[in-house]
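# Let me see the structure of the following:
(chains A and B)
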Amino acid sequence: GAVVSQHPSRVICKSGTSVKIECRSLDFQATTMFWYRQFPKKSLMLMATSNEGSKATYEQGVEKDKFLINHASLTLSTLTVTSAHPEDSSFYICSARSGRGYGYTFGSGTRLTVV
Amino acid sequence: EDQVTQSPEALRLQEGESSSLNCSYTVSGLRGLFWYRQDPGKGPEFLFTLYSAGEEKEKERLKATLTKKESFLHITAPKPEDSATYLCAVQASNAGNMLTFGGGTRLMVKP
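Residues are numbered from 1 along each chain as shown, chains lettered A, B, ... in the order given. Okay, here's the model as predicted:
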């Protein structure tokens, strides 16, 4: 099946530092990947759409300079949380569409804790 | 604006007690409706895609159905391992590849 690998699964960082989260499509190419944020017991909120070779499209209210997205290849998208603050603590999930009837495949998520 | 509403927010069942989860949607043209299962601390796991009213899909104890306004996820004789949050999402015709998610239904199945 279509597999999306997300790394790291958990990260704790100090306030003011930056954290990079990787999202890889392992057995398919993804020209478009999506980054979501999920708060406890809440549904997924789309943050941005990552497009290979071009700038990401951010949803309204999402700070472009804080959440940097790079989609440098057909199998890798990265989300960098810059100058992280405690309010950035959350569960971040990426997804991609494989086009193989699996719908949109999601990564396993990254739990970010900013202390 | 595309909207997806799931009900109930939480559902407690006894093992073997069948029930249904609802996903009501409003979109300007439906390209697809998706059901996912999410376990705590994990990413959503794909279950079904439905494309047109009248379509049904089954997988083990789960069956998804679709009408022009809503979708149901029927759970037959659930087991404790079916406990999870079930998410519904729609892809609208004018939204490219973007999905709009409902709030989810937290299902708890007691032995």
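# going forward, measure contacts and count neighbours with C-alpha atoms only.
Fine.
# all strands of the chain, in order?
Unless you meant another one, I'm taking chain A. For chain A, applying DSSP state E gives strands covering A:4-7, A:10-13, A:19-25, A:32-38, A:44-51, A:57-58, A:67-73, A:76-81, A:90-97, A:104-106, A:110-114.
# try again with chain B
Taking DSSP E as the criterion, chain B contains strands spanning B:3-7, B:10-14, B:19-26, B:30-38, B:45-50, B:56-59, B:62-66, B:70-75, B:84-92, B:100-101, B:105-110.
# could you say what helices and strands the fifth one packs with?
Contacts defined by 3 or more CA pairs under 8 Å, 6 or more residues apart in numbering or on different chains; DSSP states H and E place strand B:45-50 against strand A:104-106, strand B:30-38, strand B:56-59, strand B:62-66.
# Let's have those strands in TSV, adding mean pLDDT and mean neighbour count.
Formatted as TSV, the helices and strands packed on strand B:45-50 follow (pLDDT from 0 to 100; neighbours: other CA atoms under 10 Å in any protein chain shown):
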stretch	mean pLDDT	mean neighbour count
strand A:104-106	91	26
strand B:30-38	95	21
strand B:56-59	96	14
strand B:62-66	98	20
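# Now the ones you listed in TSV, please, with extra columns for distance to residue A:34.
Shown next, in TSV, are the helices and strands packed on strand B:45-50 (distance: least, CA to CA, whole Å):
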stretch	distance to residue A:34
strand A:104-106	9
strand B:30-38	16
strand B:56-59	26
strand B:62-66	25
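# between those, which gets nearest to residue A:10?
Closest approach to residue A:10 among the helices and strands packed on strand B:45-50 is made by strand A:104-106 (16.1 Å; CA to CA).
# Each with direction, which strands does that closest one pair with?
Neighbouring strands of strand A:104-106 in its sheet, by DSSP bridges, are strand A:90-97 (antiparallel).
# Could you export the strand it pairs with as PDB, CA atoms only?
Extracted as PDB, the C-alpha positions of strand A:90-97 are listed here (Å, rounded to 0.1, in the frame of the first residue of the first chain):
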ATOM      1  CA  SER A  90       0.700  20.400  19.200                       C
ATOM      2  CA  PHE A  91       0.300  17.200  17.100                       C
ATOM      3  CA  TYR A  92       1.500  17.800  13.500                       C
ATOM      4  CA  ILE A  93       0.500  15.400  10.700                       C
ATOM      5  CA  CYS A  94       1.400  15.300   7.100                       C
ATOM      6  CA  SER A  95      -0.500  13.500   4.200                       C
ATOM      7  CA  ALA A  96      -0.200  12.800   0.500                       C
ATOM      8  CA  ARG A  97      -2.400  11.300  -2.100                       C
END
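# of all of chain A, which residue lies closest to chain B?
Nearest to chain B, among the residues of chain A, is residue A:108, at 4.2 Å (CA to the nearest CA).
# Pull the number of nearby residues for the residue lying closest to that residue once chain neighbours are set aside.
In space, and not counting its chain neighbours, residue A:108 is closest to residue B:43: 4.2 Å by CA to CA, 6 or more residues apart in numbering or on different chains. By other CA atoms under 10 Å in any protein chain shown, 23 other residues sit near residue B:43.
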